[in-house]
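> Need a 3D model of the sequence below.
(chains A and B)
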Amino acid sequence: MNFTLKIWRQKDAKSAGKFVEYPIKNISPDTSFLEMLDILNNELIQKGEEPVAFDHDCREGICGMCSLHINGHAHGPSQAVTTCQMYMRKFKDGDTITIEPWRSAAFPVIRDLVVNRGAYDQILQAGGFVSVRTNSVPDGNAIPIPKADADESMDAAACIGCGACAATCKNGSAMLFVAARVSSLAKLPQGRVEGARRAKAMVAKMDELGFGNCTNTGACEAECPKAISIAHIARLNREFLSAKLKD
Amino acid sequence: MGTFLTNSSIGRKLVMSITGAFLVLFITFHMAMNLVALISTEGYNMICEFLGANWYALVATVILAAGVVVHFVYAFILTFQNRKARGNVRYAVTSGHKGVDWASQNMLVLGIIVIGGLAIHMIHFWSKMQLQEIMGNHENALGYAVTDGSALIAYTFSNPINVIVYLVWFAALWFHLSHGIWSMFQSLGWANQTWYPRLKCLATAWTTLIVLGFAAVAIGFYIKSLGCCAGC
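Residues are numbered from 1 along each chain as shown, chains lettered A, B, ... in the order given. Model prediction:
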């Protein structure tokens, strides 16, 4: 398969960026998207040009590093997969593929397609943890948790913190990420006890870092590579509002 | 305690949802009231008299105006903050997202059309009724009694341009509320996977009823003005 790649190139955070077109030929349909970028980079290095900088790590959809906006979609046109899990057979031979970094004020571009997603780490540090002592690993059957609650918690815990939600949201809101973290812990007894403190601290940090206000468009859910539901945002709203009203 | 209503994103959305809920309840009442005009001229004018410049109607008007102003001002504050959060560099390629309603992405524009329609509506009706009563007048510039709402409706909707302007206004209101009503529950935290289809169904049905009720009066009075159903 042959493609024309239209890639955002930016030397560093302070430089102005621009799109550069690269033709790429003889790509197998079974090549993953990131492997295709590896092939492009090999060609660029052989020509003595700077390779395209892009984030990647596990390449199996769990680390949340591959953060590319491809043809108008976070993680590309496939549903509920990360960029690294997408294959070139998803595109048509001869397609022009536009690849951009996340566009959000809270995720500044560092170089080419790499953005600084440290803002999500700061939100997690503000309250996305459990401080209660849970001792050593107990017998799983000794903690009575209804299956529905465990399932819902696990669904929320599937969030990989890739930033697609805020990058997709027209408001630059990080609510789906924060909601997933709050919800995954709120549904379990160890996390429940600190639910109010967690919701208040994480929302305060999210607001402080300049993320936008959620207007319930649902675009984050549609583009989330882990298909995290906006029902978790409703839970975050409940957790936050009930905590504030008790203050 | 209440500072979170201004300085937190979820607090600001709470304000939007509560003022929005209040306005939805008001227009539901207004639509029901308007339908009376189709049935009984005397009945509608009795309601107009009841809701004239009495102290309770004036208090309610002030509260209603405050609801509109707060909803409107917060909408601009939220939009300003959201545009700032989105950043200066926009995506070169954008694409629609599966399951995302057009209305949800255009609430401010729809809201501005709704406010514009409200301004026209107030010039057509409020300025010729309650305002005249507050000013101590018994008749408006058109020569109708300030409580003769039926005559004013008949006069306004005898003009087909007004009918079209109002129908555009109602269409914008339909889109705005079809997202706004279920979104209100989401912002309050009263939603989950089971209730999303129910809430969206409720929002669509409620909005459609409101808009059909309003449109029926505008179209009904225009048809009456044509004199083609003298026996109606």
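> middle-most residue in chain A, spatially?
The centroid of chain A falls nearest to A:Cys162 when counting by Cα atoms, centre = their mean (2.1 Å).
> in stretch B:51-60, what counts as buried?
B:51-53 (16 or more other Cβ atoms under 10 Å in any protein chain shown). Every residue, glycine included, has its C-beta placed from N, CA and C.
> what about B:Gly143, how many residues close to it?
9 (other Cβ atoms under 10 Å in any protein chain shown).
> what pLDDT does it get?
On pLDDT, B:Gly143 comes in at 90.
> Can you show me the helices along chain A?
Secondary structure of chain A (DSSP state H): helices located at A:33-46, A:118-127, A:147-157, A:164-168, A:175-186, A:189-192, A:195-208, A:219-223, A:231-246.
> so does the first one get close to chain B?
This points to helix A:33-46. No. Against chain B, helix A:33-46 shows no contacts by Cβ under 8 Å from any Cβ of the partner chain, the least distance being 15.6 Å.
> Show me what that helix packs onto, helices and strands only.
Contact here means 3 or more Cβ pairs under 8 Å, 6 or more residues apart in numbering or on different chains; DSSP states H and E; on that basis helix A:33-46 packs against strand A:18-24.
> if we can go back for a sec, show me which of the helices of chain A has the highest average neighbour count.
helix A:164-168 (a mean of 30; mean count of other Cβ atoms under 10 Å in any protein chain shown).
> quick check, distance from that one to the centre of its chain.
7 Å (Cα atoms, centre = their mean, to the nearest Å).
> do stretch A:168-178 as well
From the chain centre to the centre of stretch A:168-178 is a distance of 10 Å (Cα atoms, centre = their mean).
> Next up, the contacts around A:Ala231.
B:191-193, B:196 (Cβ atoms under 8 Å, 6 or more residues apart in numbering or on different chains).
> ok, of the residues you listed, which one's closest to A:Ala219?
The nearest member of these to A:Ala219, counting by Cβ to Cβ, is B:Tyr196 at 15.2 Å.
> List the contacts of the residue nearest to the spatial centre of chain B.
Geometric centre of chain B, nearest residue: B:Ile27, 5.6 Å, by Cα atoms, centre = their mean. Listed by Cβ under 8 Å, 6+ apart, the contact set of B:Ile27 reads B:173, B:210.
> let's see it at 6 Å
Contact partners of B:Ile27, counting by Cβ atoms under 6 Å, 6 or more residues apart in numbering or on different chains, are B:Ile210.
> Give me the distance between it and B:Phe214.
8 Å (Cβ to Cβ, to the nearest Å).
> So for stretch B:71-78, mean pLDDT?
97.
> Make a markdown table out of the helices of chain A and add mean pLDDT.
Converted to a markdown table, those look like this (pLDDT from 0 to 100):
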| stretch | mean pLDDT |
| --- | --- |
| helix A:33-46 | 98 |
| helix A:118-127 | 97 |
| helix A:147-157 | 96 |
| helix A:164-168 | 97 |
| helix A:175-186 | 97 |
| helix A:189-192 | 92 |
| helix A:195-208 | 97 |
| helix A:219-223 | 96 |
| helix A:231-246 | 97 |
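> Mind checking those for the one nearest to B:Gln186?
helix A:231-246 (5.4 Å).
> Run the angle between the closest one and helix A:195-208 for me.
Angle, helix A:231-246 to helix A:195-208, by axes from the mean of the first three to the mean of the last three Cα atoms, to 10 degrees: 100 degrees.
> Would you map out the domains in chain A?
A:3-111, A:117-246 (automatic domain parsing).
> What residues of stretch B:110-123 count as buried?
B:110-111, B:113-114, B:117.
> For chain A, tell me whether that stretch is touching it.
No. Using Cβ under 6 Å from any Cβ of the partner chain, stretch B:110-123 stays clear of chain A, with a minimum separation of 11.5 Å.
> what about that stretch, average pLDDT?
On average, stretch B:110-123 scores 97.
> For that stretch, what is the distance to the chain centroid?
That offset, for stretch B:110-123, works out to 8 Å (Cα atoms, centre = their mean).
> do stretch A:132-150 as well
Its chain's C-alpha centre and that of stretch A:132-150 lie 28 Å apart, by Cα atoms, centre = their mean.
> and that stretch, does that touch chain B?
No. Judged by Cβ under 6 Å from any Cβ, stretch A:132-150 makes no contact with chain B; its nearest approach is 11.0 Å.
> so the helix or strand where B:Ala172 lies versus helix A:231-246, what angle?
Assigned by DSSP states H and E, B:Ala172 falls within helix B:160-188. Angle, helix B:160-188 to helix A:231-246, by the same axes, to 10 degrees: 80 degrees.
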